[in-house]
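# No sequence on hand, only this structure:
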């Protein structure tokens, strides 16, 4: 028995010294199918988030189409409206513009925990509802706003993730 221990002792020591490799986290249960009005959440283009007024003019979201926004260090983002919450100094953020053609309630879906503001001019719009996405859906946050026709800025602040999936939908 002692000889077996001596034979396997180096293997046991090596196994304890090696860093543990964790499998990527998986969702414990399969995601329920998303409702038809959220089908666009599955795919979409990538876009660098705006960091100032000049880049904001070229960074546009399309209502009803998911976009992966690549965020920037928060200290490099010059928001037109001071975000309600900035997050930690090492957090990430950015902006994108979008236009509304018809008045109504619009839902902003975000794939990462972060703070969002919808701004028109220099005024933040008041949210009317907040929710989380279904487990394993990839949707971290959903916030509703009543919006009139016009152009808006979506501000994202306080993200720990380098990218944020965004989808803006018209609510019935």
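Arrived safely. Every value quoted in this text rests on a predicted model; they were computed, and no experiment measured them.
# going forward, measure contacts between C-alpha atoms and count neighbours the same way
Will do.
# Now do the same for stretch 82-98: mean pLDDT, whole number.
The pLDDT scores in stretch 82-98 average 90.
# Report the separation between residue 61 and residue 75.
As judged by CA to CA, to the nearest Å, residue 61 and residue 75 stand 23 Å apart.
# which of the two has more neighbours?
residue 61 (22 against 13; other CA atoms under 10 Å).
# Let me know the secondary structure of the closest residue to that one other than its chain neighbours.
Ranked by CA to CA, 6 or more residues apart in numbering and with sequence neighbours excluded, the top spatial neighbour of residue 61 is residue 98, at 5.1 Å. Three-state call for residue 98 (DSSP: H, G, I helix; E, B strand; the rest coil): strand.
# Report all helices and strands that whatever helix or strand residue 94 lives in contacts.
In the assignment (DSSP states H and E), residue 94 maps to strand 92-100. Using 3 or more CA pairs under 8 Å, 6 or more residues apart in numbering; DSSP states H and E, the elements in contact with strand 92-100 are helix 53-56, strand 72-73, strand 150-159.
# change it to 6 Å
Here strand 92-100 touches strand 72-73, strand 150-159, going by 3 or more CA pairs under 6 Å, 6 or more residues apart in numbering; DSSP states H and E.
# which helices and strands does the shortest one pack with?
In terms of contacts (3+ CA pairs under 6 Å, 6+ apart), strand 72-73 is packed against strand 92-100.
# Please spell out which residues along the helix or strand that the strand it packs on is followed by are buried.
Remark: after strand 92-100, the chain's next helix or strand is strand 104-110, criterion DSSP H and E. Neighbour-count burial for strand 104-110, counted by 16 or more other CA atoms under 10 Å, picks out 105, 106, 107, 108, 109, 110.
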